[in-house]
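Q: Model the structure of this input:
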Amino acid sequence: MMKSLELEDIEKIEANCEGQDKEFKSARGGFPRSFWETYSALANTDGGAILLGVAEDEFGDVLADGLTAKQIDEYQKIFWDTVNNRGKVSRNLLTTAHVQVVEIKDARILVVHVPRASRSERPVYLGPTPFGNTFRRSHEGDYHCTEDEVRRMLADADPEAADQRILQGFSIDDLDPVSLAQYRRRFSATKPDHPWLTLEIPELLEKLGGWRRDRATGKSGLTLAGLLMFGKHQTIVDPQAAPRYFVDYREKLDLTQRWSDRIYPDGTWEANLFQFYQRVWPKITVDLRVPFRLEGVQRKDETPVHEALREAFVNALVHADYTAPGGIVIEKARDRFAMENPGTLLVSLEQMRRGGVSECRNKSLQQMFIMIGGGERAGSGYDRIQSGWRSQHWRAPALTTQFQPERVRLVMPMISLIPEDALTALQKQFGDRFNSLSKQEVQALATAYLEGEVSNVRLQELLTDHPVEITRLLQGLCEQGYLLSDNRRRWTKYRLAQIGDSSHLPQESLHLEGDSSYSGRDSSYSENNSSYKAEDEKALMSIAASIASTVRAPAQEVRKVIIELCKGRFLTVESLSGLLNRNPAGIRNQYLTPMVREGILRLRYPETPNRPDQAYTSVEGSK
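A: Numbers count the residues shown, from 1 in each chain. As a prediction, this is how the structure comes out:
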């Protein structure tokens, strides 16, 4: 009989897993076949822990049936035999220290900690070839990587920097002479005594990494870095160079206009990286206040905020994967900056925050920017960004990643940690009890108010508390009715509980089987879904009533109702969760994701399955 775990049991699991992403697998019927897909997915994403002997039901409750001593011995043997078999798993990332037996009350759980594979170890795949057998982790669970994703991982594993590729058939004539001349002048102003300044353009390009000779093949020529930095735009987007290249600066300072200003390749300028940097940097910094200060006898015209912005801007340019879709997007608004680039991080988010390790995808581009005062190579760039923002007591920058498409986004808000208007709004919403909360709890609620949601990962950027303590804090705010959780384990996000939300109330006040009317609907569901009109709500609730009023309905019945609800319309997870009176994570993991795989449901945004506003519709003929 499976046992529902209490909060202290879950906290014990959290303590053993150090805030990692976790996958629960019952393992009652044997070693799970899906274990290896999750192993590959975790290794190719940010690592995590697989727990055998634990499951999660559709309501988000964590259950443990535990494993016998015999099962644990059997499963450990299966694990080690398989992970060391190169015909089944491409790489073993684990030592015996990564496999633990954890006792929760009278239940034994086998915990396998899977570390993040380094760039040279990726992709970690199953079977004889990475194509079709490589997985990654997303909010929706484990998914098959596309061939393009696999190729990009293989390219990242190559010790040669991506931008050092010699472009056959290209020459110096494909470079913009104006950009080369302007770069030399800027280089001279930054490092007036540098010996490279005496070199002619071909020799200077070779020193910078814009021209290279391959000693193994004897071939020489213009590199991708040289073309990206100084090339003519039409040549940069040649199919043999970087056809997906795109740079875009968007300024939105006037709310009555879509863009106050925009810079993108419109044919009026040579849109290489150097020209983009030259045009955009003054616009980024024009409104920043520069206090008068001296260093020795020289006036210092830059602040830590300037340094942070330059580091973030140049990072987006030199860490980008120019073979991935989407391009560079730099945004400036009245209260924030955002820097976004295609590709993935080559180190984990945790390592980025710690600093000290520099992994750059385009080392020659990095060198070119360093020579004109843009960025540095010491591995402390992200720390410089954070310290620059702390100098103004602004909210910490938020670094996020996504897949399909692969993107890295850094948002740099220019607002105080807890603005007065946020405090006023929270006090008005929650009344006098808000005043008794701790500083950490107030910070969590203020983040949810200002940013629309809050997570453990985000609070790690704002607080000094351990991830386990942050989990406890967030769960406590849920229990007290301040926050609502979407229950997605490591990716769990919390939002403010609004008046009228029944899901934030204690369990005994929720709708139970036998109640005369359905009252479990999340009040946000109709706001988050624009696919049907308000008059349809009554009809949808009627379709869902049999499931909404039943605590544990057969899975097949739930699937039938979901199909009926989604016929002829797109519904979000939040909509379905409210209509069915079920936990969002349980609905997604147990029903929606499998039904998409089976072709029963279709995504509204199939190219970006992890979008927060993703919605589902029934495929015609589904039963």
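Q: Verify the stated contact: Pro397 with Met412.
A: Yes: the pair Pro397 / Met412 is scored as a contact, 4.5 Å apart, by CB atoms under 8 Å. The C-beta positions use only the backbone N, C-alpha and C, and glycine is treated the same way.
Q: Need the residues touching each of those two.
A: Common contacts of Pro397 and Met412 (CB atoms under 8 Å, 6 or more residues apart in numbering): 308, 312, 385, 389.
Q: quick one: which of those residues is nearest to Ile50?
A: Using CB to CB, Ile385 comes nearest to Ile50 of the shared contacts of Pro397 and Met412, at 33.6 Å.
Q: Can you name the residues that contact the closest one?
A: 308, 311-312, 397, 410, 412.
Q: How is this structure partitioned into domains?
A: Following the assignment in automatic domain parsing, the chain carries domains at 3-157, 172-291+299-413, 420-496, 517-618.
Q: which one of those domains has the lowest average pLDDT?
A: Among these, domain 517-618 has the lowest mean pLDDT, at a mean of 74.
Q: if we can go back for a sec, could I get the domains of the chain as CSV with distance to Ile166?
A: Putting those into CSV (distance: least, CB to CB, whole Å) gives the following:
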stretch, distance to Ile166
domain 3-157, 15
domain 172-291+299-413, 5
domain 420-496, 40
domain 517-618, 32
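Q: wait, which of those domains is closest to Gln164?
A: Counting by CB to CB, Gln164 lies closest to domain 172-291+299-413 out of the domains of the chain; the figure is 5.6 Å.
Q: Give me the distance from that closest one to the chain's centre.
A: Distance of domain 172-291+299-413 from the chain centroid (CA atoms, centre = their mean, to the nearest Å) equals 21 Å.
Q: Next, the distance between the ends of it.
A: Domain 172-291+299-413 has its terminal residues 41 Å apart, counting by CA to CA, to the nearest Å.
Q: give me the beta-bridge partners of the one residue sitting closest to the centre of the chain?
A: Closest residue to the average C-alpha location of the chain: Thr401 at 2.5 Å, with CA atoms, centre = their mean. Using DSSP bridges, the bridge partners assigned to Thr401 are Val408.
Q: ok, it - contacts?
A: Contact partners of Thr401, counting by CB under 8 Å, 6+ apart, are 344-345, 349, 407-409.
Q: any idea how far it is from Thr146?
A: Here the criterion is CB to CB, to the nearest Å. By it, Thr401 lies 17 Å from Thr146.
Q: With Leu496 instead?
A: Distance of Leu496 to Thr146, given as CB to CB: 37 Å.
Q: want to try TSV for the contacts of Thr401, with distance to Glu598 as columns?
A: Converted to TSV, these look like this (distance: CB to CB, whole Å):
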residue	distance to Glu598
Thr344	29
Leu345	33
Leu349	33
Arg407	28
Val408	32
Arg409	32
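Q: Check these and tell me the two furthest apart.
A: The span of the contacts of Thr401, defined through CB to CB, is set by Leu349 and Arg407 at 13.8 Å.
Q: looking at it, Leu450 is touching Leu417, isn't it?
A: No: Leu450 lies out of contact with Leu417 (CB under 8 Å); the separation is 9.6 Å.
Q: joint contacts of these two?
A: Counting by CB under 8 Å, 6+ apart, the residues touching both Leu450 and Leu417 are Arg395.
Q: Just the buried ones from the shared contacts of Pro397 and Met412?
A: If you count burial by 16 or more other CB atoms under 10 Å, the buried members of the shared contacts of Pro397 and Met412 come out as 308, 312, 385, 389.
Q: what kind of secondary structure is the third one in?
A: Spelled out, it's Ile385. helix (DSSP: H, G, I helix; E, B strand; the rest coil).
Q: quick one: it and Val83, what's the gap?
A: As defined by CB to CB, Ile385 lies at a distance of 38 Å from Val83.
Q: Which stretches in the stretch 501-623 of the chain count as strands?
A: Using DSSP state E, counting those that start in this stretch, the strands of the stretch 501-623 of the chain run over residues 571-572, 601-603, 615-618.
Q: need the ones you listed in JSON lines with mean neighbour count, can you?
A: JSON lines is the format used below for the strands of the stretch 501-623 of the chain (neighbours: other CB atoms under 10 Å):
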{"stretch": "strand 571-572", "mean neighbour count": "24"}
{"stretch": "strand 601-603", "mean neighbour count": "19"}
{"stretch": "strand 615-618", "mean neighbour count": "22"}
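Q: so Ala242 makes contact with Met229?
A: No: contact between Ala242 and Met229 fails when scored by CB under 8 Å: they sit 11.6 Å apart.
Q: Tell me which of those two has more neighbours.
A: Ranked by neighbour count (other CB atoms under 10 Å), Ala242 and Met229 place Met229 first, with 31 against 20.
Q: Which secondary structure elements does the stretch of helix or strand that one belongs to sit against?
A: If you go by DSSP states H and E, Met229 is part of helix 224-230. Packing partners of helix 224-230 (3 or more CB pairs under 8 Å, 6 or more residues apart in numbering; DSSP states H and E): helix 177-190, helix 201-208, helix 233-236, helix 273-285, helix 363-370.
Q: among the ones you listed, which is nearest Leu110?
A: Going by CB to CB, the one of those nearest Leu110 is helix 363-370, 42.0 Å.
Q: Which positions within that closest one qualify as buried?
A: So, applying 16+ other CB under 10 Å, buried residues of helix 363-370: 363-370.
Q: Those into JSON lines, with extra columns for distance to Ser618?
A: Output for the buried residues of helix 363-370, formatted as JSON lines (distance: CB to CB, whole Å):
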{"residue": "Lys363", "distance to Ser618": "49"}
{"residue": "Ser364", "distance to Ser618": "51"}
{"residue": "Leu365", "distance to Ser618": "47"}
{"residue": "Gln366", "distance to Ser618": "49"}
{"residue": "Gln367", "distance to Ser618": "54"}
{"residue": "Met368", "distance to Ser618": "53"}
{"residue": "Phe369", "distance to Ser618": "51"}
{"residue": "Ile370", "distance to Ser618": "55"}
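Q: what ranges do the helices span in the stretch 501-623 of the chain?
A: Ranges of helices within the stretch 501-623 of the chain are 537-548, 555-565, 573-580, 584-587, 593-597, based on DSSP state H, counting those that start in this stretch.
Q: would you list every one of the helices in the stretch 351-500 of the chain?
A: 363-370, 381-390, 420-430, 439-451, 456-460, 467-479.
Q: looking at these, which is buried most?
A: Of all these, helix 363-370 carries the top mean neighbour count, a mean of 24, counting by mean count of other CB atoms under 10 Å.
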